[in-house]
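*Asks:* predicted structure and sequence below. I'll ask about it afterward.
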Amino acid sequence: MCVLPGMATSDLAVEAARRALDSAGVDEVDAVIVGTTTPDRRLPAVATRLGLGTVGAFDLSAACSGFLYGLAMARGLIAAGSAQRVLVIGAETISRYLDPQDPSTSALFADGAGAAVVRAGARGTERGEIGPVTLGSDGSLADLIHVPGGGSRHPVPGGPGSGMERYITMSGLPVFNNRPTSTGS
């Protein structure tokens, strides 16, 4: 499903966040982490739209794994004693970066959002515990799925949204055939 005209990533993120806050029965958090590669703008805005005041807030750009990286960061904030409750949101309006004529991407990627409130719990309890998280990436494969333009190295001529450089490109078979190796731990 694509977002409606005029909707932005923050619209999806705010709705998911409100549902998560309601489900958790809380109206205050110490930090907000938004995993997205399609933010409304370059500076975080979701915490303000939620009326959460001056809590710590940042966007995290890690593509498909953004929400998982957000959970790892929330775990770290809580373990360090910097936060008791962290709102983690994953939200994308990826349809804005899909070439409708390219079936290798337009059939696979979509818009959406999800959120969770992560909070400190009693040590030794298993309920909802986030165990050790192993993060990793392989930058040597960065060109298998990418957006050619729009960054500081290759700004899109004519501004955001113009030209084919703004669309996600993917080498489907190499992506499919790439299987992570086990670390044995």
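*Replies:* Arrived safely. No experiment lies behind these values; they were computed from the predicted model shown.
*Asks:* tell me where the chain has helices.
*Replies:* 9-24, 46-49, 66-79, 103-106, 172-177 (DSSP state H).
*Asks:* could those go into TSV alongside mean neighbour count and distance to residue 115?
*Replies:* In this view, the C-beta of every residue, glycine as well, is placed from N, C-alpha and C. Supplementary listing: the helices of the chain in TSV, determined by neighbours: other Cβ atoms under 10 Å; distance: least, Cβ to Cβ, whole Å:
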stretch	mean neighbour count	distance to residue 115
helix 9-24	19	4
helix 46-49	20	10
helix 66-79	20	9
helix 103-106	14	25
helix 172-177	11	27
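*Asks:* could you dump those helices to JSON lines with distance to residue 153?
*Replies:* Formatted as JSON lines, these follow (distance: least, Cβ to Cβ, whole Å):
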{"stretch": "helix 9-24", "distance to residue 153": "23"}
{"stretch": "helix 46-49", "distance to residue 153": "27"}
{"stretch": "helix 66-79", "distance to residue 153": "21"}
{"stretch": "helix 103-106", "distance to residue 153": "21"}
{"stretch": "helix 172-177", "distance to residue 153": "22"}
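*Asks:* is it possible to get CSV of the ones you listed that adds distance to residue 40 and mean pLDDT?
*Replies:* What follows is the helices of the chain, written out as CSV (distance: least, Cβ to Cβ, whole Å; pLDDT from 0 to 100):
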stretch, distance to residue 40, mean pLDDT
helix 9-24, 5, 96
helix 46-49, 9, 90
helix 66-79, 15, 94
helix 103-106, 22, 83
helix 172-177, 28, 77
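*Asks:* nearest to residue 32, of those helices?
*Replies:* helix 46-49 (4.3 Å; Cβ to Cβ).
*Asks:* report all helices and strands that the closest one contacts.
*Replies:* Here helix 46-49 is seen to pack against helix 9-24, strand 31-35, strand 56-60 when contacts are counted using 3 or more Cβ pairs under 8 Å, 6 or more residues apart in numbering; DSSP states H and E.
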